[in-house]
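S.K.: quick one: sequence and predicted model below, then my questions.
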Amino acid sequence: MVRADLGPDAAVLQTREIKRGWLNWFGKASQIEVSAASGLAIPSQLQQPTPEHLDTTQRPLIPTVDGHDFRTAFRESLKGQGCSLQTVVEQLSRDSVAASRHELPESLFHLFTDLIEAEVSEELARELIEHVRSDVSNGELSDPLLMKARISRLIEQEIQVTGPIQATAGQRRLVALVGPTGVGKTTTIAKLAANFHLREHLRVGLITVDTYRIAAVEQLRTYADIIDLPMEVVATPKEMRAAVQRFSDLDLILMDTAGRSPHDEVKIQELKSILAEAHADAIHLVLSSVSSESVMRKTAAKFAAVGITSIILTKLDEATGMAALVPLLRSCKLPLSYVTNGQNVPDDIEPADSRKLTRLVLGSESHA
Ligand SMILES: Nc1nc2c(ncn2[C@@H]2O[C@H](COP(=O)(O)OP(=O)(O)O)[C@@H](O)[C@H]2O)c(=O)[nH]1
Ligand SMILES: [Mg+2]
């Protein structure tokens, strides 16, 4: 089929199986991705093989060109050729990178290109590959599945999760959600409230500290009415104290907050003093997975002042990749509590699962 499409000199570079379905993790539906190319004319820009007498430990693990890695070096060559990085790397690994092949076993080289393809940063990809290489025996290096499993385990260990909110009848728990406007706080509160009230039959109350926009208060009130839950609107620490008092016999109080601009220090402090009055058991920072890594990091840094205990990642259904997750979690050192993957209340939410998220990070799982 490839030759029919691309002509007689076409070559299959790689095939791999892609499992589909965010909710259907163990689903049977799968697709085969075939990387193929014809007539690739990429000049060899790689450095000469390192002379044998040099200490092998000093050689670069990943091929470099003038001190830059191949990705930078070939970005230019890629332009206008309409071929993927994967294709180029595969081609390189065939002919001109014989030198690096001596150093990096094929299984790891393929894994490295897979990581880059999944948009894992070069830095992290290198780190993972180095870690795995330093950790396995020569025999194991020839087993690509084993190498892949090791990489997965390394990533999995970085994704700490809390499990679902521990709410039980008779033990009042107060959980607040904070975060920028539009990330999905109110929708997530509605999902949590509906699940705990309608499915677990707990007595749930809602408090909103959203005093900015009347529409935002109304949005939560609509959910409160539909799910049939009591709701309080508070604007000051004093009102917060009174509201929490009135809800003292409930099992779970979920608190929605106005989207505070993370650039507004005063608003963050205001939020902090209102939340302090509530004595929340947990404060979840809600981040949209559609945001860039740097936006997520900055947001987490700003909201750290209010005393965040975990992160909820929303809109996984709209995200194109989750490569930013590991750097984000490393920088803010917080566990994940929930992920949400759609607009449907109450279904599109689940407790964060490190294995599933690892598959998203590695790009071996689609969530569309
Ligand atoms: N695709 C998608 N949209 C979501 C998700 N969660 C929330 N939204 C949408 O994001 C928009 C903003 O949500 P909202 O709860 O009002 O955000 P808030 O300002 O943080 O309270 C709404 O249109 C929601 O339906 C999700 O998991 N996936
Ligand atoms: Mg809201």
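M.R.: Cool, got the structure. Residues are numbered from 1 along each chain as shown. Ligands and ions are numbered 1, 2, ... in the order given.
S.K.: contacts, neighbours, all on C-alpha from now
M.R.: Noted.
S.K.: quick one: low-confidence parts of the chain?
M.R.: In the predicted model, the chain carries pLDDT under 70 at residues 18-30, 39-103, 210-214, 259-263, 365-368.
S.K.: now do 80
M.R.: 1-3, 7-104, 210-216, 258-265, 364-368 (pLDDT under 80).
S.K.: domain-wise, how is it divided?
M.R.: Listed domain ranges for the chain are 2-158, 173-352 (source: automatic domain parsing).
S.K.: go ahead and confirm Ile207 touches Val233.
M.R.: Yes: judged on C-alpha atoms under 8 Å, Ile207 makes contact with Val233 at a distance of 5.8 Å.
S.K.: re the thing from before, tabulate the domains of the chain (TSV), appending distance to Val361.
M.R.: As requested, the domains of the chain are exported to TSV (distance: least, C-alpha to C-alpha, whole Å):
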stretch	distance to Val361
domain 2-158	7
domain 173-352	5
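S.K.: winner for burial among those?
M.R.: Highest mean neighbour count among the domains of the chain (mean count of other C-alpha atoms under 10 Å): domain 173-352, with a mean of 19.
S.K.: can you list the residues of the stretch 201-350 of the chain near ligand 1?
M.R.: Within reach of ligand 1 by C-alpha under 6 Å from any ligand atom, the stretch 201-350 of the chain has these residues: Gly259, Thr314, Lys315, Asp317, Glu318, Thr340, Asn341, Gly342, Gln343.
S.K.: can you list phi and psi of the second one for me?
M.R.: Main-chain torsions, Thr314, degrees, to the nearest 10: phi -100, psi 170.
S.K.: got it, and the last one?
M.R.: The phi/psi pair for Gln343 (degrees, to the nearest 10) reads phi -90, psi -10.
S.K.: my read is Ile32 is in a helix, agree?
M.R.: No: secondary structure of Ile32 (DSSP: H, G, I helix; E, B strand; the rest coil): strand, not part of a helix.
S.K.: please name the bridge partners of it.
M.R.: Beta-bridge partners recorded for Ile32 (DSSP bridges): Glu17.
S.K.: mind jotting down where the strands sit in the stretch 101-250 of the chain?
M.R.: 173-178, 204-208, 231-233 (DSSP state E, counting those that start in this stretch).
S.K.: can you lay out those strands as CSV showing distance to Ala194?
M.R.: Shown next, in CSV, are the strands of the stretch 101-250 of the chain (distance: least, C-alpha to C-alpha, whole Å):
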stretch, distance to Ala194
strand 173-178, 15
strand 204-208, 9
strand 231-233, 14
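S.K.: out of the ones you listed, nearest to Ile155?
M.R.: Taking C-alpha to C-alpha, strand 173-178 is the member of the strands of the stretch 101-250 of the chain nearest to Ile155, at 26.5 Å.
S.K.: the closest one vs strand 204-208, what angle?
M.R.: 40 degrees (axes from the mean of the first three to the mean of the last three C-alpha atoms, to 10 degrees).
S.K.: what's the closest of the residues of the stretch 201-350 of the chain next to ligand 1 to Lys333?
M.R.: Among those, Thr314 lies closest to Lys333 (C-alpha to C-alpha), at 18.3 Å.
S.K.: Leu325: what's it in contact with?
M.R.: Leu325 makes contact with Glu293, Val361, according to C-alpha atoms under 8 Å, 6 or more residues apart in numbering.
S.K.: quick one: which of the strands of the stretch 101-250 of the chain is nearest Asp264?
M.R.: Going by C-alpha to C-alpha, the one of the strands of the stretch 101-250 of the chain nearest Asp264 is strand 173-178, 14.0 Å.
S.K.: can you tell if the closest one touches ligand 1?
M.R.: No: legend: contact between strand 173-178 and ligand 1 by C-alpha under 6 Å from any ligand atom is lacking; minimum distance shown is 8.0 Å.
S.K.: who's in contact with that strand?
M.R.: For strand 173-178, contacts defined as C-alpha under 8 Å, 6+ apart pick out 167, 185, 189, 251-259, 275, 278-286, 303.
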